[in-house]
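In: Predicted coordinates and the sequence they were generated for:
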Amino acid sequence: MSKPMAAELPEMPLPGDDDRPGRRSASVADVRRWGQPPGLKDRRNEEHWAGRLYMRDLSPYFAWLAMRMGFSPNQLTYMMMACGVAAGAVVSLPATGLGVLWTALGGALLIQVYLLLDCVDGEVARYLRQTSVAGVFLDRIGHYLSEVSLLIGLGFAAQGGWTSGGYTELGLVAALGAALIKAETDNVVVARAKSGMPADPSGGDRALRPRSTGIALARQAASMLRFHRIIGAVELSLLILAAAALDVVLGTGTPAAIRVLTVAVAAVAVVQTLLHLVSILASRRLK
């Protein structure tokens, strides 16, 4: 007699000290219970506002589907990376008239899928108990690639095509700034680890505050204005869509609004790179 197919074998519960069902027996409620631990939405420095607002309500349904289809957490992370890079490529496509709006809309939708997968991969990993250092590493690389790709795509869109020029260079400057800001944050952990210190400094939020009163006030003002968010993938994709819509309405035949956005984004990236570095050096994070 031939052996039964794997799908015909009874599924065993996942190993551990709780009674969570196997990946193909889990319900959406199970995914929400074990994939979204208490306090997940309250991680202000890690959880994106869009995650708290709507994506964490949608993601358990897609996490349930991903588990049913047999995807691993890392496979979902690779898909997240692909969506982020594809968003930048779509935004950069040479287009005129309404085509500019369609490319911007395509980029914004891809970034929403990127954000969804960024939620789903972690929920699947937590449910299956497959969280790993490699998963964290890939997740960080995915964020780097997505933001850099979208900023480069914005530069090409402002330039009007896949050609070199001032706006293309501004897009590259903004992309470099976004990467450096993330590198500055990540290298705090690297520096502490190489010095034999725990990854997170003691003191919680107090350790993040600069010791200088003047720098602390400047940091607080910048945080309240939230201008740094325009180089984030989600916010930037929506701003690109708004700028593209404005260009279509104005009907000037040139991506004027897109170009203004590119200049603003490049300026913010440069200023934020310097301010973030000063803020880290002036805080207790390296102590």
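Out: Arrived safely, thanks for sending. The structure presented is a predicted model; accordingly, all values stated were derived computationally and were not measured. Numbering: from 1, shown residues only.

In: For residue 68, see how far away the residue most central in space within the chain is.
Out: Computing the C-alpha centroid of the chain and ranking residues by C-alpha atoms, centre = their mean puts residue 143 first, at 4.6 Å. Counting by C-beta to C-beta, to the nearest Å, the gap between residue 143 and residue 68 amounts to 27 Å. For the C-beta atoms, the positions are set from N, CA and C on the backbone; glycine is no exception.

In: The residue nearest to the centre of the chain is in contact with residue 182, isn't it?
Out: Yes. If you go by C-beta atoms under 8 Å, residue 143 and residue 182 touch, sitting 6.8 Å apart.

In: what does stretch 55-73 rub up against?
Out: If you take C-beta atoms under 8 Å, 6 or more residues apart in numbering as the criterion, stretch 55-73 is touched by 23-24, 26-28, 31-32, 35-36, 40-41, 47-48, 76, 115-116, 119-125, 127-128, 130-131, 135.

In: Enumerate the positions of stretch 65-75 that are buried.
Out: Buried residues in stretch 65-75, counted by 16 or more other C-beta atoms under 10 Å: 66-67, 71-74.

In: What is the most widely separated pair among those residues?
Out: 67 and 74 (13.8 Å; C-beta to C-beta).

In: one step back: can you pick out the ones from the contacts of stretch 55-73 that are in helices?
Out: 28, 31-32, 35, 76, 115-116, 119-125, 127-128, 135 (DSSP state H).

In: Could you pull out the helices in the stretch 51-200 of the chain for me?
Out: 56-68, 73-92, 98-128, 133-159, 166-194 (DSSP state H, counting those that start in this stretch).

In: Just name whatever secondary elements the fourth one is in contact with.
Out: Going back to what we said before, that points to helix 133-159. helix 73-92, helix 98-128, helix 166-194, helix 233-250, helix 256-282 (3 or more C-beta pairs under 8 Å, 6 or more residues apart in numbering; DSSP states H and E).
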